[in-house]
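Trainee: following is a predicted model, sequence given first.
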Amino acid sequence: SQQGEEDPQALSIQEGENATMNCSYKTSINNLQWYRQNSGRGLVHLILIRSNEREKHSGRLRVTLDTSKKSSSLLITASRAADTASYFCASPKTGANNLFFGTGTRLTVIP
Amino acid sequence: NAGVTQTPKFQVLKTGQSMTLQCAQDMNHNSMYWYRQDPGMGLRLIYYSASEGTTDKGEVPNGYNVSRLNKREFSLRLESAAPSQTSVYFCASSAGTGTWSGDYEQYFGPGTRLTVT
(Lines give C-alpha, C1' and ligand atoms only; values in the text may rest on other atoms or scores of the structure.)
Protein backbone atom coordinates (compact mmCIF):
# COMPACT_ATOMS: atom_id res chain seq x y z
CA SER A 1 0.00 0.00 0.00
CA GLN A 2 1.06 3.60 -0.55
CA GLN A 3 3.02 5.25 2.23
CA GLY A 4 2.09 8.76 1.13
CA GLU A 5 -1.08 10.28 -0.27
CA GLU A 6 -1.17 13.76 -1.82
CA ASP A 7 -4.12 16.11 -1.72
CA PRO A 8 -5.56 17.52 -3.89
CA GLN A 9 -5.12 15.21 -6.88
CA ALA A 10 -5.25 18.21 -9.21
CA LEU A 11 -4.88 21.95 -8.71
CA SER A 12 -5.28 24.79 -11.21
CA ILE A 13 -4.21 28.36 -10.36
CA GLN A 14 -3.35 31.65 -12.05
CA GLU A 15 0.25 32.71 -12.50
CA GLY A 16 1.41 34.70 -9.48
CA GLU A 17 -0.83 32.88 -7.01
CA ASN A 18 0.44 30.50 -4.33
CA ALA A 19 -0.05 26.75 -4.61
CA THR A 20 -0.35 24.46 -1.60
CA MET A 21 -0.18 20.69 -1.76
CA ASN A 22 -0.56 18.30 1.14
CA CYS A 23 0.82 14.87 1.88
CA SER A 24 -0.26 12.40 4.53
CA TYR A 25 1.71 9.30 5.42
CA LYS A 26 1.05 6.20 7.46
CA THR A 27 4.07 5.15 9.50
CA SER A 28 6.85 6.91 11.39
CA ILE A 29 9.55 8.34 9.15
CA ASN A 30 13.10 9.69 9.26
CA ASN A 31 12.49 12.20 6.52
CA LEU A 32 10.00 13.26 3.88
CA GLN A 33 10.96 14.31 0.37
CA TRP A 34 9.19 16.21 -2.38
CA TYR A 35 9.78 15.63 -6.09
CA ARG A 36 8.57 17.33 -9.27
CA GLN A 37 7.83 15.60 -12.56
CA ASN A 38 7.36 17.53 -15.76
CA SER A 39 5.25 15.82 -18.39
CA GLY A 40 7.12 12.94 -20.02
CA ARG A 41 10.21 13.38 -17.84
CA GLY A 42 11.83 11.74 -14.84
CA LEU A 43 11.35 13.00 -11.30
CA VAL A 44 13.51 15.78 -9.92
CA HIS A 45 14.24 16.11 -6.22
CA LEU A 46 13.05 19.40 -4.70
CA ILE A 47 13.56 19.28 -0.96
CA LEU A 48 14.11 16.89 1.95
CA ILE A 49 12.85 17.64 5.45
CA ARG A 50 13.99 15.53 8.40
CA SER A 51 11.68 14.29 11.14
CA ASN A 52 13.20 16.72 13.68
CA GLU A 53 12.52 19.73 11.44
CA ARG A 54 9.20 21.56 11.27
CA GLU A 55 9.78 23.87 8.31
CA LYS A 56 12.27 24.22 5.48
CA HIS A 57 12.68 26.74 2.67
CA SER A 58 14.29 26.54 -0.74
CA GLY A 59 13.80 29.53 -3.02
CA ARG A 60 10.03 29.84 -3.63
CA LEU A 61 9.35 26.52 -1.92
CA ARG A 62 8.31 26.11 1.68
CA VAL A 63 7.80 22.67 3.20
CA THR A 64 6.31 21.94 6.59
CA LEU A 65 6.22 18.68 8.49
CA ASP A 66 3.89 17.74 11.34
CA THR A 67 4.92 14.33 12.65
CA SER A 68 2.08 14.27 15.20
CA LYS A 69 -0.45 14.45 12.33
CA LYS A 70 1.74 12.45 9.92
CA SER A 71 1.40 15.17 7.32
CA SER A 72 3.48 17.55 5.24
CA SER A 73 2.69 20.47 2.97
CA LEU A 74 4.49 22.01 0.01
CA LEU A 75 3.87 25.69 -0.70
CA ILE A 76 5.01 27.24 -3.98
CA THR A 77 4.85 31.03 -3.79
CA ALA A 78 4.38 33.40 -6.74
CA SER A 79 3.78 30.52 -9.13
CA ARG A 80 4.96 30.58 -12.74
CA ALA A 81 3.78 28.72 -15.82
CA ALA A 82 7.01 26.71 -15.62
CA ASP A 83 5.84 25.29 -12.27
CA THR A 84 3.21 23.28 -14.16
CA ALA A 85 4.06 19.67 -13.26
CA SER A 86 3.12 16.78 -11.00
CA TYR A 87 4.41 16.90 -7.44
CA PHE A 88 5.06 13.80 -5.35
CA CYS A 89 5.87 13.27 -1.72
CA ALA A 90 8.02 10.31 -0.77
CA SER A 91 9.23 8.86 2.48
CA PRO A 92 11.05 5.80 3.74
CA LYS A 93 9.56 3.72 6.47
CA THR A 94 11.90 3.89 9.46
CA GLY A 95 14.96 1.81 8.75
CA ALA A 96 13.95 1.11 5.16
CA ASN A 97 16.43 1.56 2.36
CA ASN A 98 13.98 2.73 -0.25
CA LEU A 99 11.34 5.42 -0.73
CA PHE A 100 7.60 5.04 -1.02
CA PHE A 101 5.93 7.56 -3.31
CA GLY A 102 2.45 9.02 -3.19
CA THR A 103 0.16 9.27 -6.22
CA GLY A 104 0.97 12.93 -6.85
CA THR A 105 -0.73 16.31 -7.25
CA ARG A 106 -1.07 17.62 -10.80
CA LEU A 107 -0.48 21.40 -10.71
CA THR A 108 -1.46 23.60 -13.65
CA VAL A 109 -0.38 27.25 -13.60
CA ILE A 110 -2.32 29.34 -16.09
CA PRO A 111 -0.35 32.24 -17.64
CA ASN B 1 28.13 14.52 -16.07
CA ALA B 2 25.16 12.69 -17.62
CA GLY B 3 23.57 11.66 -14.30
CA VAL B 4 21.27 8.66 -14.81
CA THR B 5 20.83 7.37 -18.35
CA GLN B 6 18.33 4.79 -19.59
CA THR B 7 18.00 2.91 -22.85
CA PRO B 8 15.87 2.53 -24.82
CA LYS B 9 13.50 5.52 -24.58
CA PHE B 10 10.62 3.68 -26.24
CA GLN B 11 9.93 0.00 -26.88
CA VAL B 12 7.03 -2.01 -28.25
CA LEU B 13 6.96 -5.73 -27.52
CA LYS B 14 4.60 -8.55 -28.37
CA THR B 15 3.28 -10.72 -25.55
CA GLY B 16 5.86 -13.35 -24.64
CA GLN B 17 8.89 -11.48 -25.97
CA SER B 18 11.79 -10.65 -23.70
CA MET B 19 13.90 -7.55 -23.32
CA THR B 20 16.38 -5.84 -21.03
CA LEU B 21 16.17 -2.23 -19.94
CA GLN B 22 19.55 -0.68 -19.31
CA CYS B 23 20.42 1.93 -16.69
CA ALA B 24 23.73 3.58 -15.85
CA GLN B 25 24.77 6.34 -13.46
CA ASP B 26 28.01 8.30 -13.33
CA MET B 27 27.64 9.79 -9.83
CA ASN B 28 29.40 6.94 -8.00
CA HIS B 29 26.16 6.17 -6.17
CA ASN B 30 25.80 3.05 -4.07
CA SER B 31 22.07 2.42 -4.43
CA MET B 32 20.05 1.96 -7.60
CA TYR B 33 16.32 1.41 -8.14
CA TRP B 34 13.80 0.38 -10.76
CA TYR B 35 10.27 1.80 -10.63
CA ARG B 36 7.23 1.56 -12.82
CA GLN B 37 4.74 4.39 -13.17
CA ASP B 38 1.14 3.74 -14.16
CA PRO B 39 -1.66 6.33 -14.41
CA GLY B 40 -3.21 6.97 -11.01
CA MET B 41 -0.78 4.61 -9.23
CA GLY B 42 2.22 6.81 -8.61
CA LEU B 43 5.64 5.14 -8.65
CA ARG B 44 5.95 1.58 -7.49
CA LEU B 45 9.28 -0.02 -6.69
CA ILE B 46 10.12 -3.15 -8.66
CA TYR B 47 13.62 -4.00 -7.45
CA TYR B 48 16.47 -2.16 -5.83
CA SER B 49 20.15 -2.62 -5.12
CA ALA B 50 21.36 -1.02 -1.89
CA SER B 51 24.99 -1.73 -2.71
CA GLU B 52 27.04 -3.34 -5.44
CA GLY B 53 26.48 -7.08 -5.40
CA THR B 54 23.09 -7.04 -3.69
CA THR B 55 19.55 -6.86 -5.04
CA ASP B 56 16.19 -6.97 -3.28
CA LYS B 57 12.55 -7.15 -4.27
CA GLY B 58 10.32 -4.11 -4.03
CA GLU B 59 6.52 -3.87 -4.10
CA VAL B 60 5.90 -5.36 -7.55
CA PRO B 61 8.75 -7.75 -8.53
CA ASN B 62 6.73 -10.48 -10.27
CA GLY B 63 7.66 -10.89 -13.93
CA TYR B 64 10.98 -9.06 -13.61
CA ASN B 65 14.61 -9.84 -12.89
CA VAL B 66 17.51 -7.51 -12.26
CA SER B 67 21.28 -7.52 -12.45
CA ARG B 68 23.64 -5.12 -10.71
CA LEU B 69 26.40 -5.52 -13.25
CA ASN B 70 28.82 -3.21 -11.46
CA LYS B 71 28.55 -0.03 -9.40
CA ARG B 72 27.43 2.00 -12.43
CA GLU B 73 24.93 -0.29 -14.12
CA PHE B 74 21.63 -1.86 -13.07
CA SER B 75 19.54 -3.66 -15.66
CA LEU B 76 15.91 -4.80 -15.59
CA ARG B 77 14.83 -7.84 -17.58
CA LEU B 78 11.37 -8.90 -18.67
CA GLU B 79 11.61 -12.59 -19.51
CA SER B 80 8.13 -13.01 -21.02
CA ALA B 81 6.37 -9.69 -21.48
CA ALA B 82 2.67 -9.37 -20.66
CA PRO B 83 0.23 -6.53 -21.47
CA SER B 84 0.06 -5.77 -17.73
CA GLN B 85 3.71 -4.69 -17.96
CA THR B 86 2.82 -1.81 -20.26
CA SER B 87 4.12 1.14 -18.28
CA VAL B 88 6.78 3.81 -17.98
CA TYR B 89 9.91 2.49 -16.28
CA PHE B 90 12.26 4.72 -14.32
CA CYS B 91 15.70 3.97 -13.00
CA ALA B 92 17.05 5.99 -10.08
CA SER B 93 20.15 6.14 -7.93
CA SER B 94 21.13 7.56 -4.56
CA ALA B 95 24.29 8.02 -2.54
CA GLY B 96 22.93 6.04 0.41
CA THR B 97 23.84 2.48 1.08
CA GLY B 98 22.45 -0.32 3.17
CA THR B 99 19.76 0.17 5.74
CA TRP B 100 19.61 3.98 5.63
CA SER B 101 19.50 4.51 1.87
CA GLY B 102 16.04 6.00 2.30
CA ASP B 103 17.62 9.04 3.99
CA TYR B 104 19.07 10.24 0.69
CA GLU B 105 17.55 11.98 -2.30
CA GLN B 106 17.15 9.97 -5.47
CA TYR B 107 18.20 10.97 -8.98
CA PHE B 108 16.02 9.73 -11.80
CA GLY B 109 16.62 8.82 -15.40
CA PRO B 110 14.36 10.05 -18.24
CA GLY B 111 12.33 6.82 -18.37
CA THR B 112 11.52 4.06 -20.84
CA ARG B 113 7.99 3.93 -22.25
CA LEU B 114 7.14 0.25 -22.82
CA THR B 115 4.07 -1.02 -24.63
CA VAL B 116 3.25 -4.73 -24.70
CA THR B 117 0.65 -5.75 -27.28
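Mentor: Here it is on my side, so go on.
Trainee: list the contacts for the spatially most central residue of chain B?
Mentor: Per C-alpha atoms, centre = their mean, the C-alpha nearest to the average position across chain B is that of B:Trp34, at 2.3 Å. Residues near B:Trp34 by C-beta atoms under 8 Å, 6 or more residues apart in numbering or on different chains: B:21, B:23, B:45-48, B:58, B:64, B:66, B:74, B:76, B:89-91. Just so you know, the C-beta spots here come from the backbone N, C-alpha and C atoms, and that holds for glycine as well.
Trainee: that one pairs with what?
Mentor: B:Tyr47, B:Cys91 (DSSP bridges).
Trainee: need the phi and psi values for the nearest residue in space to B:Thr97 that is not next to it in sequence.
Mentor: Once flanking residues are discounted, B:Thr97 sits nearest to B:Asn30: 3.7 Å by C-beta to C-beta, 6 or more residues apart in numbering or on different chains. Main-chain dihedrals, B:Asn30, degrees, to the nearest 10: phi -80, psi -40.
Trainee: repeat that for A:Ala82.
Mentor: Taking degrees, to the nearest 10, you get phi -70, psi -10 for the backbone angles of A:Ala82.
Trainee: pLDDT weak spots in the chain?
Mentor: Defaulting to chain A. Across chain A, the ranges flagged by pLDDT under 70 are A:1-3, A:93-97.
Trainee: wrong one, I was asking about chain B
Mentor: Applying pLDDT under 70 to chain B flags residues B:98-102.
Trainee: count of residues packed around B:Arg113?
Mentor: When neighbours are counted by other C-beta atoms under 10 Å in any protein chain shown, B:Arg113 registers 16.
Trainee: spell out which strands sit alongside the helix or strand in which it is found in the sheet and which way each one runs.
Mentor: Using DSSP states H and E, B:Arg113 sits within strand B:112-116. Strand B:112-116 pairs in its sheet with strand B:10-13 (parallel), strand B:87-94 (antiparallel), by DSSP bridges.
Trainee: apart from its neighbours in sequence, what residue is nearest B:Leu13?
Mentor: B:Ala81 (4.5 Å).
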